[in-house]
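>>> Here's my sequence, what's the structure:
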Amino acid sequence: MSELHPNIPLNSDNAQYIEVFLDSLYLEQGLSENTLSAYRSDLEKFARFIQQTSKQTLLEVQSELIESYLAHRHDLGLKARSTARAISALKRFYLFFVREKRIASTPLLNIAQPKTTQSLPKTLTEQEVEALLDAPDLDDAMGLRDKAMLELLYATGLRVTELVGLRMEQINLRQAVVLVKGKGGKERLVPMGEEALHYIEQFLKVGRPDMVKHATDFVFPSKRGTGMTRQTFWHRIKHYAILAQVMSPLSPHTLRHAFATHLLNHGADLRVVQMMLGHSDLSTTQIYTHVASERLKSLHQQHHPRA
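You can find the predicted model right below:
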């Protein structure tokens with residue numbers, strides 16, 4: 001069997017178990033559509049694997065079949081980080097059905113997570129950020145919108161999904177703050193800074209009225225006057241990176257990473273950065289201290305006479 005998840009339909013039992021679990025995640029914890037989609041993908045891949053290799057349903061699986069699945073993933077050359085995520089999804093799935101008293105115990109009790117190397121987030125220098133933020137054409141309504149979005153993204157560290165989903169009632173221009181609705185329905189107040197405030201005010205006054213064809217409360221509408229997708233804004237970032245001749249690797253979260261790293265480089269407190277990013281666990285934020293320290297090492301080696 002060469003493919004991990006061939007295009008075969010799930011049997012009715014497995015499909016129902018996955019739906020019940022996902023419904024519980026949505027109703028009890030308010031997880032985002034992206035997170036739920038990732039869980040669904042991992043669970044359906046495993047369900048299709050067991051349908052090909054055994055007659056068991058998801059709730060009949062024993063640890064031996066889990067181990068066979070992990071070995072199969074290894075044979076396919078899948079990354080340890082991807083497998084670790086799949087194991088996390090399966091653990092959560094089976095613990096849910098243990099709590100529901102549908103199974104006596106989880107088949108993953110003795111299954112260890114594969115060791116993964118922690119990759120540092122890709123970021124930009126302050127000069128590269130400046131070049132990127134200066135790339136949009138401010139004489140154009142769409143360019144003014146993009147300028148305001150890039151400035152806000154860098155000033156606040158918002159996730160791209162949080163940025164494109166921003167509604168008018170979430171911004172307070174008088175106090176220069178944004179009420180961000182993040183993962184799991186958690187809310188946080190983030191200051192937007194003078195530059196972002198200036199360009200948002202400009203866009204709302206000059207650019208947005210030209211773009212909005214129908215009533216909408218999205219702060220940053222698409223050229224059709226409706227909500228913008230993450231993919232559209234990602235394409236806009238790549239477009240401006242080309243104009244600005246920014247050659248560093250980019251991701252949709254590049255400016256979020258730059259926001260956190262540059263704050264720490266300038267002496268910001270880690271817990272303040274944690275709150276602004278909306279991280280529930282400080283350990284998630286601590287990866288940026290590694291990025292900042294790598295930058296300091298580089299500067300030391302470049303400029304210190306005894307480096």
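
>>> Only C-alpha atoms from now on, for both contacts and neighbour counts.
Noted.

>>> Count the neighbours of Arg208 for me.
23 (other C-alpha atoms under 10 Å).

>>> Mind giving me the packing neighbours of the helix or strand hosting it?
Using DSSP states H and E, Arg208 sits within helix 208-211. Applying 3 or more C-alpha pairs under 8 Å, 6 or more residues apart in numbering; DSSP states H and E, we find helix 208-211 packed against helix 141-156.

>>> Check what contacts the helix it packs on and list those residues.
With C-alpha atoms under 8 Å, 6 or more residues apart in numbering as the contact definition, helix 141-156 has outside contacts at 133-134, 136-138, 158-160, 163, 190-193, 195-197, 199-200, 202-203, 206-208, 210-211, 220, 223, 236, 255-256, 258-259, 276-277.

>>> Inside helices: which ones of the residues you listed?
With DSSP state H as the criterion, helices contain 133, 160, 163, 193, 195-197, 199-200, 202, 208, 210-211, 236, 255-256, 258-259, 276-277 from among the contacts of helix 141-156.

>>> circling back: for ChimeraX, write the select line for the buried members of the contacts of helix 141-156.
What follows is the ChimeraX syntax selecting those of the contacts of helix 141-156 that are buried according to 16 or more other C-alpha atoms under 10 Å:
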select :133,134,136,138,158,159,160,163,190,191,192,193,196,197,199,200,202,203,206,207,208,211,220,223,255,256,258,259,276,277
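
>>> Which residues are in contact with Thr180?
Just so we're on the same page, residue 180 is Val rather than Thr. Taking C-alpha under 8 Å, 6+ apart, one finds Leu158, Glu162, Leu166, Gln170, Glu187, Arg188, Leu189, Val190 in contact with Val180.

>>> Now with 6 Å, please.
Residues counted as contacts of Val180 (C-alpha atoms under 6 Å, 6 or more residues apart in numbering) are Glu187, Arg188.

>>> How many residues are close by Phe49?
If you count neighbours by other C-alpha under 10 Å, Phe49 ends up with 22.

>>> That one - that's part of a strand, no?
No: per DSSP: H, G, I helix; E, B strand; the rest coil, Phe49 lies outside any strand segment and is helix.

>>> The protein - how does it break down into domains?
Domain ranges of the chain: 12-99, 126-303, per automatic domain parsing.

>>> For those, give me TSV that also has mean pLDDT and distance to Asn110.
Below are those laid out as TSV (pLDDT from 0 to 100; distance: least, C-alpha to C-alpha, whole Å):
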stretch	mean pLDDT	distance to Asn110
domain 12-99	88	8
domain 126-303	81	25
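
>>> Let me know which of these is tucked in deepest.
Each of the domains of the chain was scored by mean neighbour count; the highest is domain 126-303, a mean of 17, by mean count of other C-alpha atoms under 10 Å.
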